[in-house]
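Enquirer: When you get a sec, could you give me coordinates for this:
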Amino acid sequence: MDRDIKRLNKGTRFHNPAPEMEPSMQIMSAPAVVGISFGVAIAAIFAKKNREKSKGQKAWLFLRGFLAALAALLLLNFGIFYYQNR
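Expert: Numbers count the residues shown, from 1 in each chain. Prediction:
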């Protein structure tokens, strides 16, 4: 196995199977985007400065945090998609 790696890396520092292609970014799946958004919203609720708020205020904070993170991640995903398909 070490011989194969040495053979692949001969003359280069890293093996690049397609040197003519740019490195590509992968877009996130929909469940990943929603899961990260839920995590951000939950972290916002349990932040130190939000512990004293009422349940209604925490629910509103959860919704705002979730929607803000969702919008940011979807924007990032569409940006990656547009960059890859231009």
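Enquirer: Could you pull out the helices in the protein for me?
Expert: 2-8, 30-45, 55-84 (DSSP state H).
Enquirer: looking at those helices, which one has the lowest mean pLDDT?
Expert: Among those, helix 2-8 has the lowest mean pLDDT, at a mean of 59.
Enquirer: so Asn77 makes contact with Ile27?
Expert: Yes. Between Asn77 and Ile27 there is a contact under C-beta atoms under 8 Å: 4.9 Å. Where C-beta positions appear, they are placed from N, C-alpha and C, glycine not excepted.
Enquirer: what's the spacing between stretch 73-82 and its chain's center?
Expert: Mean-position distance between stretch 73-82 and its chain equals 10 Å (C-alpha atoms, centre = their mean, to the nearest Å).
Enquirer: now stretch 73-86
Expert: Worked out by C-alpha atoms, centre = their mean, stretch 73-86 lies 12 Å from the chain centre.
Enquirer: Likewise for stretch 37-54?
Expert: Worked out by C-alpha atoms, centre = their mean, stretch 37-54 lies 20 Å from the chain centre.
Enquirer: Roughly how far does the nearest residue to Ala44 once chain neighbours are set aside sit from Ser37?
Expert: Nearest non-adjacent residue to Ala44, counting by C-beta to C-beta, 6 or more residues apart in numbering: Gly65, 3.9 Å away. Distance of Gly65 to Ser37, given as C-beta to C-beta, to the nearest Å: 8 Å.
Enquirer: List the residues that contact the residue nearest to Ala44.
Expert: Val40, Ala41, Ala43, Ala44, Ile45 (C-beta atoms under 8 Å, 6 or more residues apart in numbering).
Enquirer: So what does the residue nearest the centre of the chain have for phi and psi?
Expert: Centroid-nearest residue in the chain: Met28, 6.3 Å away (criterion: C-alpha atoms, centre = their mean). Met28 has phi and psi values of phi -90, psi 150 when expressed as degrees, to the nearest 10.
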